[in-house]
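*Asks:* Starting from these lines, generate the structure:
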Amino acid sequence: MLRIHFEPEDFARIRLARDPDPLWEIVCSLHRLQTSQGRWAYADWYRAARDTLVGTPLGDAVRRLLVPVVPRASYFPDFLTPQESADGLDPGLAAIVDTPPVRVAREVDKLIQVNGAPSWAPTLTERANREEFVKVLRAYHKAVIAPHHDRIGARIAGERALRARETLDTGIDGLLNGLTPTMRWQPPVLRVDYVEDRDLHLGGRGLRLVPSYFCWRSPIALADNSLQPVLIYPLHRSRLPTPAPPSEASLGALLGKTRATALRTLAEGATTSELARLLGVSPATATHHTTVLRDAGLIISQRSNNTVLHTITPLGAAMLRPVSPMGIADPVDTTGLPESAAGSRSFDCGRST
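*Replies:* Coordinates of the predicted model:
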């Protein structure tokens with residue numbers, strides 16, 4: 001059990017991440033590769049990731065270099081998920097490289113004590129080795145995370161809209177009560193089902209909440225309580241569907257004036273009843289419009305209690321502005337990936353977190 005203790009000033013310093021945190025998504029996706037638990041919810045992504053990694057230099061580097069220091073276990077180094085990654089991949093990777101060697105040594109030593117680590121892990125105290133390490137992180141992100149950017153971004157945007165609306169309707173109590181079934185708000189303590197028993201006193205520093213696409217069931221906090229508090233939590237989900245390209249029939253159904261108005265309205269997010277009022281139609285008609293838009297991949301719908309909130313996807317946003325040609329992703333550049341003497345290990349290893 002993780003007990004997060006709030007003081008009055010902490011409530012004004014709660015922040016919900018605006019965008020996916022790339023380094024936390026890297027870490028959580030590496031955990032998904034190390035276990036079969038929850039794989040049904042990521043089946044399409046997992047198959048694509050394996051096809052990309054297995055039998056490739058990048059896949060070998062992931063097994064030898066990333067998995068050993070980001071195990072699916074009770075501990076992995078905090079310096080691999082710096083606060084700077086909230087501003088994007090480049091600032092996050094730069095922060096890893098700039099981590100003081102004394103901190104790297106302390107956290108790697110703890111990794112060795114708690115989980116074990118390969119013989120090369122202590123060499124991460126050297127800046128040049130961290131520079132090589134982040135090359136693998138960047139290549140992994142480009143190959144395995146970036147191709148799913150739109151889907152991940154749409155889910156995080158929908159979660160943010162849902163939580164913002166919940167906070168306006170029910171206040172901070174409602175926000176903290178509704179994050180996931182694994183959290184229980186008993187003021188002034190947020191109790192989180194966790195892999196170890198510990199207390200985190202915010203002490204006026206506030207709390208950054210980060211919804212994660214690849215986090216499965218169990219929230220994650222930084223191991224070092226002296227760092228700026230952050231809590232990674234999983235999105236509500238059942239199975240994550242693979243969005244199919246809109247068919248001509250689906251797109252043809254969008255040409256009506258009312259449905260185009262509905263799409264523009266949902267750019268700011270709305271429930272079915274709100275959309276019905278704004279369009280001047282019945283709830284059943286509004287439901288029909290949202291079904292067509294969702295089937296075409298232009299919106300996503302998320303249920304919260306007795307309401308369904310609809311938010312626009314990147315594809316839907318593109319329909320509202322002039323269309324620009326879609327570029328083709330560059331192939332993954334695996335040249336210059338660092339070598340390691342560490343032995344290989346399977347993607348199906350590790351413990352539950």
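*Asks:* quick check, distance from the helix or strand containing Gly92 to the centre of its chain.
*Replies:* According to DSSP states H and E, Gly92 maps onto helix 89-97. Per Cα atoms, centre = their mean, to the nearest Å, the displacement of helix 89-97 from the mean C-alpha position of its chain is 17 Å.
*Asks:* pLDDT below threshold where in the stretch 201-350 of the chain?
*Replies:* Within the stretch 201-350 of the chain, the segments meeting pLDDT under 70 span 236-255, 304-305, 321-350.
*Asks:* any idea how far Ala221 is from the residue nearest to Gly203 when sequence neighbours are not counted?
*Replies:* Using Cβ to Cβ, 6 or more residues apart in numbering and skipping the chain neighbours, the partner closest in space to Gly203 is Glu7 (6.5 Å). C-beta coordinates here come from the backbone N, C-alpha and C atoms, glycine included. Spatial separation of Glu7 from Ala221 under the definition Cβ to Cβ, to the nearest Å is 17 Å.
*Asks:* re earlier: just the CA atoms of the helix holding Gly92, as CSV, please.
*Replies:* Extracted in CSV, the C-alpha atoms of helix 89-97 (Å, rounded to 0.1, in the frame of the first residue of the first chain):
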residue,chain,number,x,y,z
LEU,A,89,11.4,13.2,-25.5
ASP,A,90,14.4,15.4,-26.3
PRO,A,91,14.3,17.3,-22.9
GLY,A,92,13.8,14.0,-21.1
LEU,A,93,16.7,12.3,-22.8
ALA,A,94,18.9,15.3,-22.2
ALA,A,95,18.1,15.2,-18.5
ILE,A,96,19.2,11.5,-18.3
VAL,A,97,22.5,12.4,-19.9
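*Asks:* what sits against the spatially most central residue of the chain?
*Replies:* Closest to where the C-alpha atoms of the chain average out (Cα atoms, centre = their mean) is Ser212, at 2.5 Å. For Ser212, the contacting residues are 20-21, 24-25, 28, 232-235, taking Cβ atoms under 8 Å, 6 or more residues apart in numbering as the criterion.
*Asks:* re the thing from before, phi, psi for the residue nearest to Gly203 please.
*Replies:* phi -110, psi 160 (degrees, to the nearest 10).
*Asks:* That'll do, ta.
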